Structure formats: C-alpha cells, structure tokens
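Q: Give me a 3D structure for the following:
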Amino acid sequence: MQEKVQEFMVRVNDEASLETNKLNIEDIVGRINDDQRGPYQNSFLQECEVMNVLIKVIVSSLRDVELAFKGELTMTANMETLMEAIFFNQVPATWAKFAFPSSRGLGSWLDNCK
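A: Next up is the predicted model:
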C-alpha cells in the first residue's frame with residue numbers, strides 16, 4: 001500500500017505539480033475589466049477559490065503522510081484512511097468534502113491536470 005501511495009504522491013508533485021499550479025486569483029481578477037464582470041465571472045472566480053482550497057488540502061494531507069512515512073509524524077487513523085482511499089483509486093472523503101461532486105476515480109483527477 002505504501003508503494004502505491006508514494007507513486008501517487010510522485011504524480012501529484014512531479015506530473016501535476018499541484019502546489020505550483022494553484023490559480024492566481026489576483027491575476028485573474030486583474031484580467032477581468034469591471035464592465036465585463038458579471039454573474040458568470042463571479043461564479044468562475046468562486047470556483048477558482050474552491051480549487052485552490054482543494055489543492056491546499058490535498059498537498060497538506062499528502063505532506064503529512066510523507067512525514068509519517070519518514071517517521072517524523074505519528075501515523076493517524078485519518079492518514080491510514082487517506083492511504084486506503086488512494087490505494088483503491090477512490091477520492092478520499094476529506095478531499096471530496098472540498099471538491100465538486102464526481103463519480104470518477106482518483107486517478108482521473110490527475111489525468112485532467114495535465
């Protein structure tokens with residue numbers, strides 16, 4: 001299980017580069033003129049903020065699991081549940097809480113980041 005979780009962490013860090021691919025909300029807002037800003041643009045900005053929160057949760061929880069693998073943190077029940085979900089290609093419940101509803105497997109999440 002640990003090997004598969006580590007492979008997933010490599011995909012998150014190297015292939016998807018989630019932490020560096022956060023959406024720059026200020027840059028996006030700067031590109032939208034005040035006269036262009038309407039309900040669709042506001043909705044888009046809110047979705048961008050939701051994605052940034054999700055990215056933060058994913059990166060943070062995987063960092064904790066990595067530290068637990070190194071022995072720098074104690075492995076908790078939440079970390080084990082997260083690892084089991086990753087092992088079975090399921091979206092962990094702690095991530096799903098911040099994500100848009102989806103019936104897709106976890107692997108497809110990263111496939112869409114490219």
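Q: Can you show me the helices along the chain?
A: Per DSSP state H, the chain carries helices over the ranges 2-10, 25-31, 39-70, 77-87, 93-96, 106-111.
Q: Leu18: which of these is closest?
A: Smallest distance to Leu18 across the helices of the chain (Cβ to Cβ): 5.1 Å, for helix 39-70. All C-beta spots, glycine's among them, are computed from the backbone N, C-alpha and C.
Q: where's Lys70 relative to Asp64, distance?
A: Using Cβ to Cβ, to the nearest Å, we find Lys70 at a distance of 11 Å from Asp64.
Q: who has more neighbours, those two?
A: Higher neighbour count among Lys70 and Asp64: Asp64, with 17 against 8, using other Cβ atoms under 10 Å.
Q: residues contacting Gly107?
A: By Cβ atoms under 8 Å, 6 or more residues apart in numbering, the contact set of Gly107 is Asn89.
Q: now could you export just the CA positions of stretch 102-114 as PDB?
A: Extracted C-alpha coordinates of stretch 102-114, given in PDB (Å, rounded to 0.1, in the frame of the first residue of the first chain):
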ATOM      1  CA  SER A 102     -17.800  13.400  -9.200                       C
ATOM      2  CA  SER A 103     -18.200   9.700  -9.800                       C
ATOM      3  CA  ARG A 104     -14.700   9.400 -11.300                       C
ATOM      4  CA  GLY A 105     -11.800   7.600  -9.800                       C
ATOM      5  CA  LEU A 106      -8.900   9.300  -8.200                       C
ATOM      6  CA  GLY A 107      -6.500   8.600 -11.000                       C
ATOM      7  CA  SER A 108      -8.600  10.600 -13.400                       C
ATOM      8  CA  TRP A 109      -8.200  13.700 -11.300                       C
ATOM      9  CA  LEU A 110      -4.500  13.900 -12.100                       C
ATOM     10  CA  ASP A 111      -5.100  13.000 -15.700                       C
ATOM     11  CA  ASN A 112      -7.100  16.200 -16.000                       C
ATOM     12  CA  CYS A 113      -4.400  18.300 -14.500                       C
ATOM     13  CA  LYS A 114      -2.100  17.900 -17.500                       C
END
